[in-house]
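[1] My questions are about this predicted structure, shown below with the sequence.
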Amino acid sequence: MPSELSVEVCYALPSDQTIVSVTLPPGATMREAIERSGLLQRYPELDLAHMKAGVFGKVRALDAAVEAGDRIEIYRALKADPKLARQRRVEKVRNEGSREGQKWLGSRRGS
């Protein structure tokens with residue numbers, strides 16, 4: 001069994017992406033990896049009490065153990081609900097006069 005684990009901790013903004021390699025003792029948690037990465041100091045808006053994190057796109061609890069080679073990702077809060085945003089885009093296209101949108105609106109108005 002290795003005496004130390006090597007993991008990466010990632011945080012991305014629309015204009016910037018930061019990846020920090022961290023070495024941890026066996027049995028270390030995601031919380032410990034994030035704290036050791038220095039990202040909490042670099043990005044003061046991050047709050048361990050309210051943020052979500054995961055490994056390779058799968059959300060995990062902050063007290064979950066990490067394994068060698070894990071890429072711990074810190075997730076930002078969504079600005080808008082994806083379903084609602086899509087509905088708004090579709091409605092905008094329909095109302096702006098696309099042929100398909102007008103067909104749909106016409107069939108809907110006639111019922």
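    Sure thing, it's come through.

[2] Neighbours of residue 7, how many?
    22 (other Cβ atoms under 10 Å). (Glycine included, C-beta is placed from N, CA and C.)

[3] Just give the closest residue to it, not the sequence neighbours.
    Counting by Cβ to Cβ, 6 or more residues apart in numbering, residue 7 lies nearest to residue 70, which is 4.6 Å off, once chain neighbours are set aside.

[4] The one you found contacts residue 8, correct?
    Yes: Residue 70 is in contact with residue 8 according to Cβ atoms under 8 Å; the separation is 7.5 Å.

[5] if you count what's nearby, which of the two comes out ahead?
    Neighbours per residue, other Cβ under 10 Å: of residue 70 and residue 8, the larger number sits with residue 70, 22 against 15.

[6] ok, now which ones touch the more buried one?
    For residue 70, the contact set (Cβ atoms under 8 Å, 6 or more residues apart in numbering) comprises 7-8, 33, 55-56.

[7] Pick out the most distant pair among those residues.
    For the contacts of residue 70, the farthest-apart pair by Cβ to Cβ is 33 and 56; their separation is 13.8 Å.

[8] These two: which has the busier surroundings?
    Neighbour count, other Cβ under 10 Å: between residue 33 and residue 56, residue 33 has more, with 24 against 10.

[9] Show me what the strand or helix carrying the more buried one is packed against.
    Residue 33 is part of helix 30-37 when elements are defined by DSSP states H and E. Here helix 30-37 touches strand 5-13, strand 16-24, strand 52-55, strand 71-75, going by 3 or more Cβ pairs under 8 Å, 6 or more residues apart in numbering; DSSP states H and E.
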